[in-house]
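# give the three-dimensional model of this entry:
(chains A and B)
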Amino acid sequence: MHVPDGILPLWLQALMFGISILFLGISVKMVNRKFDERVVPYMGVLAAVIFAAQLINFPIPPTSGHLVGATLLGVMLGPWAGMLVIALVLFVQALYGDGGLLTFGINFFNMGIVGVFVGWSFALLLFKGLKRLINDKKAVVFATAVAAFLSTVIAAFVLGLELLTVDGFGIEALFLITGIHGIIGIGEAILTTVILLYFVKAKPKLISFLKDSDTAEMAKIPTIPLTTEPLQEGV
Amino acid sequence: MEREQIVRFVIPAVVGIIILVSFIVLLGLASGNPDGFEWVLFDYAGVPEPEGGFEGIWSFLGEGPIVDVFTGAVGIIMVLIAGYALFWITSRKTEGGST
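The predicted structure is shown next:
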């Protein structure tokens, strides 16, 4: 899912770069406000785990796939820190020639913003429903697996929409890229489950959804007042 | 506390990750097929693959499993240190300080 340079139009790259910078800025601010220093050593390890996992492709003939890890990071660290880790991994991968330097914004938008937020949101919704039926640890593993699958498919669909700006890439290819990522998403869900199970057993405090988590505070989304009253008063 | 965590958790985890990745690469267990995105774009849709762009900081080493193991291990350590540094810098500014 790493888009190289020289495929997508410059205006789209510039737009996505702008959106990515905005989200990275918000992420840094949010993490800054709520960061717990005790989890610093694990951040590096999680980034290394995601980078290593993305080095290894599993076969889905005639193609292949690899773990993205966006949902896993969102569930463990929250969306803000999760996006920062994905950005770091994508930057080093771009230096390695995997994904372009100019397309960093597009890759971050697809795997960082869409991947993390969609995965985290679905996982949170599912987790809240499931924990009434089963214990928290089982609920977080199941919810994360399903959300990892969904976020992979949705991120691929978004990438397909972006690729519609490329000559020769049509609606049929959009459905195909989404369909293939339906299979890759199963691999993503399995690998996410394996890694999450390890952390559930070894370091449950690193999973923001669980009680007494060290990362729960920085995973919070600030409340945005939805009322329009102040605006009406102003008018 | 932090140093203890590094010795007890971080170092064994990273060594384990590097050994696992090296094992998979050297035994050829990873798939060499193009990933889903590349296959649909270049093989199915027939969009020409861009040439002559930046091929990565290690392109001068050539290709092969030994090179992949070396560059993979260096990358894992780079990401570990960068991740540690990024969040350490961030945590310095935390309201209320540390542990």
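# tell me the residue of chain B that sits nearest chain A?
Residue of chain B nearest chain A, by CB to the nearest CB: B:G56 (2.6 Å). All C-beta spots, glycine's among them, are computed from the backbone N, C-alpha and C.
# quick one: pLDDT of that residue?
Here the pLDDT value assigned to B:G56 is 91.
# what's the answer for the one 3 residues further on, then?
What the model reports as pLDDT for B:S59 is 92.
# now it. Nearest residue, chain neighbours left out?
A:G97 (6.4 Å; CB to CB, 6 or more residues apart in numbering or on different chains).
# before we move on, what about A:A53?
A:L67 (4.1 Å).
# which helices and strands sit right next to the longest helix anywhere in chain B?
As assigned by DSSP state H, the longest helix anywhere in chain B is helix B:65-92. With contacts taken as 3 or more CB pairs under 8 Å, 6 or more residues apart in numbering or on different chains; DSSP states H and E, helix B:65-92 sits against helix A:10-34, helix A:40-55, helix A:79-95, helix B:11-26.
# so where is chain B shaky, pLDDT-wise?
B:1-3, B:5, B:91-99 (pLDDT under 70).
# chain center to the longest helix of chain B, what's the gap?
7 Å (CA atoms, centre = their mean, to the nearest Å).
# quick one: that helix to helix A:40-55, angle?
Inter-element angle recorded for helix B:65-92 and helix A:40-55: 150 degrees (by axes from the mean of the first three to the mean of the last three CA atoms, to 10 degrees).
# can you tell me the residue of chain A closest to chain B?
Closest point on chain A to chain B, by CB to the nearest CB, is A:G97, at 2.6 Å.
# how many other residues sit next to A:M30?
Using other CB atoms under 10 Å in any protein chain shown, A:M30 is surrounded by 21 other residues.
# quick one: A:K34 from A:S27, how far?
In this structure, A:K34 and A:S27 are 11 Å apart, going by CB to CB, to the nearest Å.
# all helices of chain A, in order?
A:10-34, A:40-55, A:70-77, A:79-95, A:104-107, A:115-130, A:136-163, A:171-202, A:229-234.
# which of these sits closest to B:L20?
B:L20 lies closest, by CB to CB, to one member of the helices of chain A: helix A:40-55, at 7.5 Å.
# just want the angle from the closest one to helix A:171-202.
140 degrees.
# helix A:40-55 packs against which elements?
Partner elements for helix A:40-55 (3+ CB pairs under 8 Å, 6+ apart): helix A:70-77, helix A:79-95, helix A:171-202, helix B:2-5, helix B:11-26, helix B:65-92.
# at 7 Å what do you get?
Packing partners of helix A:40-55 (3 or more CB pairs under 7 Å, 6 or more residues apart in numbering or on different chains; DSSP states H and E): helix A:70-77, helix A:79-95, helix B:11-26, helix B:65-92.
# pick the most deeply packed of these.
helix A:70-77 (a mean of 31; mean count of other CB atoms under 10 Å in any protein chain shown).
# tilt between that helix and helix A:10-34?
Using the same axes, to 10 degrees: helix A:70-77 against helix A:10-34 is 20 degrees.
# which residues are in contact with helix A:70-77?
A:46, A:50, A:82, A:85-86, A:111-112, A:115-116, A:119-120, A:123, A:140, A:144, A:147-148, A:151, A:192, A:195-196, A:199, A:206-209, A:215, A:219 (CB atoms under 7 Å, 6 or more residues apart in numbering or on different chains).
# and stretch A:115-126, by the same measure?
Here stretch A:115-126 has contacts from A:68, A:70-71, A:73-75, A:79, A:82-83, A:86, A:143-144, A:146-148, A:150-151, A:154-155, using CB under 7 Å, 6+ apart.
# circling back: around the residue nearest to B:S59, count how many other residues there are.
18.
# same check on the one 5 residues further on?
Using other CB under 10 Å, A:L102 has 18 other residues around it.
# hmm, back to that, tell me the angle of the longest helix of chain B relative to helix A:79-95?
Using the same axes, to 10 degrees: helix B:65-92 against helix A:79-95 is 140 degrees.
# helix B:65-92 to helix B:11-26, inter-axis angle?
Using the same axes, to 10 degrees: helix B:65-92 against helix B:11-26 is 150 degrees.
# before we move on, back to that, which neighbours do A:K34 and A:S27 share?
Residues touching both A:K34 and A:S27 (CB under 7 Å, 6+ apart): there are none.
# wait, what's in contact with A:F149?
If you count contacts by CB under 7 Å, 6+ apart, A:F149 has them with A:185-186, A:188-189.
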